[in-house]
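Colleague: need coordinates for the following:
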Amino acid sequence: VSTQSTWEGPLYNPTRKILRHTFKRLWKMSADDIAAPILARLNSIGIGPSVWNHKPAFTVVEWGPLLAEQSIAGQLTKCLFLKSKKGELHLVAAKEQSNVDLKSFGKDCRFATEEVLREALGATKGAVSPFALLNDTAKRVQVTLDAGLLNNQHSLLFHPGTNERTVAVSGEELVKFLKDLGYEYRVVDFAAAPTPPAPQQDSKPKEVKATAPPPVKAESSETKLGIDAPKEEKTFSEWYTQVITRSEMLDYYDVSGCYILRPWAFTIWKKVQGFFGDEIGKLGVEDCYFPMFVSKAALEKEKDHVEGFAPEVAWVTKSGTSDLEEPIALRPTSETVMYPAYAKWIRSHRDLPLKLNQWCNVIRWEFSHPQPFIRTREFLWQEGHSAFATKAEAEKEVLDILELYSQVYQEYLAVPVIKGKKSEKEKFAGGDYTTTVEAFIPITGRGVQAATSHHLGQNFAKMFGIEVEDPAKHDGTKMYAYQNSWGLTTRSLGVMVMVHGDANGLVLPPMVAPTQVIIIPCGLSAKATQQEKEELYSKSEEIADRLRSVNLRAKADLRHHYSPGWRFADWELKGVPLRLELGPKDLAKAQTLACRRDVGGKDNKAPLALDTIETSVAALLQQMQSNMFQRAKAERDSRIVTVENWADFTPNLNRKNLILAPVSRSKEVETKIKELSGKESQQQQDERGPSMGAKCLCIPFDQPPLKPGTKCIYDTNADADYWALFGRSY
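Modeller: Residues are numbered from 1 along each chain as shown. Next up, the predicted model:
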């Protein structure tokens, strides 16, 4: 049997002597020779996979670290070759973390022997993959694919006939290869299969239709070793997903629109909570907590309010198998939850002001395209609710809170925002007016409502009976309280990621980074003694201790089983602002090499003397925080365009700019601008945003002079009342 026939035809020669001779020759082949026919077949059908060389990997446990050393990103796979007592052969390709129940392929199905494996697929142990089916020309093998592979946005990693090579293909390319060979295959959702199966249940996993694999979200246990999607508009959604999952900020959940906040993200949120909580405490605001359930009667009390939120309200209608007498809503916001209690507690003007805040979750259900942090069905936020005796007090608080929101974004998250007032069309349902801070995502050219502070006037007080005797009168005349509500959400974390992240992952502002400084010992040669290693590791920990003593969040990464390069990439992916590299030569010079995460190239590295490390690192972090904000602000400002003629409006919108335009205060004008700019843009609606037309983001507080006679950009027969900021929006 020739070497060529070893790879292009099954070895069904009954003579064992010939088989032994064939495989003896096979074992002498190089890894390149073994992989060559498979790679040639892939190239012949238009699939040119990436190929990596590495040491032999006989198990997935051995395989993962070898890939990590080269920062190879993708979904690890496992391939099982099974044989039943009836002689049926099965090749199962699954995600590395999937649970595959062998009994689902037959009661007596077992792993095939190495002899059967070699005879059927011409493969050796540890090198099984769907590509070995190239040798099964008789089509004896039945193929099963994990749905988690096909429904996977990451590259799938396989061995091309040898465990010394790794190739990366997409789910679509894998299917293309199988179809080219003439294979039928079944797709099984192993995540849906019971493991182990209950005695009375059918242990066969749920089978799903084998259709073209749609792109879906990343899985929690996938190999996350780098970012392979560029930060560009066409791949922005994929880039964003990779960054937030692979940096371990967030993971997906089995309820659409709901996500798991991992410790890295939650620690950032706690930094925001710490600052904002302290500041509102200085304003006399107290924390509390109200239930998340809202009675139908309370929710419907304020007509405009409930109409504004009606499509987003989720209702509880059952308890077990029994219908509730009346549906109970899950709070979309808490005005109608809290204000009945306010009416009980506020009995006199002496009970005012009442200022409460709660950190909680809310549920807003009605949307079809969730985006982590930005647009989710459940999110975390703080919501403040206050009641005052006078309108002036209430209006002052509205602006005080808005200023704190601005500080959260600009001083902590290093994201520039524009303070302004929402138009009548965009204001909070049921309120008098809404103030806002608006952020901007340059890559997509989209605005983001970053946080809002609402003046509710007396509308809700009238609905819920929040009234006291007027202290200015002495005849028992009642007056209604003036109220505000204000909120900041975990959307802020998504905005930060979108603005600062880069091709290598997160870029965290030092003010909110869970770890501000990582110290990594490196530069040890193979000849380094144990004493030299211990001295370097000890010094690394000593530097971390010194930095922690001045309230910097620092740690030493002493994971010696990972290479320094792998650790560099790992912390870079997580966005740690400053990396200190410490090697034997650095120790000899009493210095460390500081590497900034916020800048690339030659400008990101500089030596720092160890004797002044505390002050120099603190100063460098402060400089980085300022630099990040200034760069983001400069980019944002360069994308704000003043437009007075409609002919210039849509072209500038399509250049991904924000547009400052003179308009009248008519709601109809806003609607027409959105409709017309959407039509003129000649772009399809983007699933990640509500419309491709321009909406009024806000009426900026910082207004350019409006010359007398300036006309509305849409209705040139009407005078403009103010300058408004327009743009596409999330």
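
Colleague: ok, now how distant is the nearest residue to residue 268 once chain neighbours are set aside from residue 557?
Modeller: Spatial nearest neighbour of residue 268, chain neighbours left out: residue 512 (4.8 Å); criterion: CB to CB, 6 or more residues apart in numbering. Any C-beta I mention is one placed from the backbone N, CA and C, and that applies to glycine too. Distance, residue 512 to residue 557, using CB to CB, to the nearest Å: 20 Å.

Colleague: and the two? Which one has more around it.
Modeller: residue 512 (25 against 21; other CB atoms under 10 Å).

Colleague: for the more buried one, which three-state class applies?
Modeller: coil (DSSP: H, G, I helix; E, B strand; the rest coil).

Colleague: which element is residue 266 on?
Modeller: helix 263-282 (DSSP states H and E).

Colleague: ok, residues contacting that helix?
Modeller: With contacts defined as CB atoms under 8 Å, 6 or more residues apart in numbering, helix 263-282 is touched by 244, 247-250, 261, 287, 355, 357, 359, 380, 382, 384, 401, 404, 407-408, 412-413, 488, 490, 492-493, 496, 508, 511-514, 574.

Colleague: how about 7 Å then?
Modeller: 247-250, 357, 359, 380, 382, 384, 404, 408, 412, 488, 490, 492-493, 512, 514, 574 (CB atoms under 7 Å, 6 or more residues apart in numbering).

Colleague: same check, this time on stretch 642-650
Modeller: Here stretch 642-650 makes contact (CB under 7 Å, 6+ apart) with 652, 659-662, 677, 680-681, 713-714.

Colleague: again, but for stretch 36-50
Modeller: With CB under 7 Å, 6+ apart, stretch 36-50 has contacts from 7-8, 51, 131, 134, 160-161, 167-169, 173, 176-177, 180.

Colleague: before we move on, the earlier item: contacts only, for the residue nearest to residue 268.
Modeller: Applying CB under 7 Å, 6+ apart, the residues near residue 512 are 268, 271-272, 412-413.

Colleague: I'd like the distance between it and residue 275.
Modeller: 9 Å.

Colleague: cool, residue 397 as well?
Modeller: Distance from residue 397 to residue 275, by CB to CB: 18 Å.

Colleague: now residue 376
Modeller: For residue 376, the distance to residue 275 equals 23 Å [CB to CB].

Colleague: for residue 678, same thing?
Modeller: 39 Å.

Colleague: one more: residue 178?
Modeller: Plainly put, residue 178 is 54 Å away from residue 275 if you go by CB to CB.

Colleague: go on, residue 340?
Modeller: Residue 340 is 31 Å from residue 275, by CB to CB.

Colleague: which SSE is the residue sitting nearest the centre point of the chain in?
Modeller: Centroid-nearest residue in the chain: residue 244, 3.6 Å away (criterion: CA atoms, centre = their mean). Element membership for residue 244 (DSSP H and E) is helix 236-246.

Colleague: convert that helix to PDB, retaining C-alpha atoms only.
Modeller: Provided in PDB are the C-alpha atoms of helix 236-246 (Å, rounded to 0.1, in the frame of the first residue of the first chain):
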ATOM      1  CA  PHE A 236     -17.500  46.300  15.700                       C
ATOM      2  CA  SER A 237     -20.200  44.100  17.200                       C
ATOM      3  CA  GLU A 238     -17.900  41.000  17.000                       C
ATOM      4  CA  TRP A 239     -14.900  43.000  18.400                       C
ATOM      5  CA  TYR A 240     -17.000  44.300  21.300                       C
ATOM      6  CA  THR A 241     -18.300  40.800  22.100                       C
ATOM      7  CA  GLN A 242     -14.800  39.400  22.100                       C
ATOM      8  CA  VAL A 243     -13.400  42.200  24.300                       C
ATOM      9  CA  ILE A 244     -16.100  41.900  27.000                       C
ATOM     10  CA  THR A 245     -16.100  38.100  27.200                       C
ATOM     11  CA  ARG A 246     -12.400  37.400  26.700                       C
END
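
Colleague: flag every buried residue along that helix.
Modeller: By 16 or more other CB atoms under 10 Å, the buried positions in helix 236-246 come out as 236-246.

Colleague: direction included, what does the helix or strand just after that helix pair against?
Modeller: Downstream of helix 236-246, the next assigned helix or strand under DSSP H and E is strand 250-252. Applying DSSP bridges to the sheet, strand 250-252 is found paired with strand 259-261 (antiparallel).

Colleague: let me see the mean pLDDT of the strand it pairs with.
Modeller: Mean pLDDT, strand 259-261: 95.

Colleague: returning to what we had before: list only buried entries from the contacts of stretch 36-50.
Modeller: 7, 131, 134, 160-161, 167-169, 173, 176-177.

Colleague: can you pull the buried residues of whichever helix in the chain runs longest?
Modeller: Using DSSP state H, we find that the single longest helix of the chain is helix 613-637. The neighbour-count check on helix 613-637 (16+ other CB under 10 Å) flags 613, 616-618, 620-621, 624-625, 628-629, 631-633, 636 as buried.

Colleague: stretch 394-404 now?
Modeller: In stretch 394-404, counting by 16+ other CB under 10 Å, buried: 394-395, 397-398, 400-402, 404.

Colleague: now tell me what touches it from outside.
Modeller: 276, 279-280, 283, 384, 386, 388, 419, 435, 437, 453, 455, 482-484, 486.

Colleague: can I get the CA coordinates of that stretch in CSV?
Modeller: What follows is stretch 394-404 as a C-alpha-only set of coordinates in CSV (Å, rounded to 0.1, in the frame of the first residue of the first chain):
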residue,chain,number,x,y,z
ALA,A,394,-35.9,70.6,43.1
GLU,A,395,-34.4,72.2,40.0
LYS,A,396,-31.1,72.8,41.8
GLU,A,397,-30.8,69.2,42.7
VAL,A,398,-31.5,68.2,39.1
LEU,A,399,-28.4,70.0,38.0
ASP,A,400,-26.3,68.9,41.0
ILE,A,401,-27.0,65.3,40.1
LEU,A,402,-26.3,65.9,36.4
GLU,A,403,-22.9,67.4,37.3
LEU,A,404,-22.1,64.2,39.4
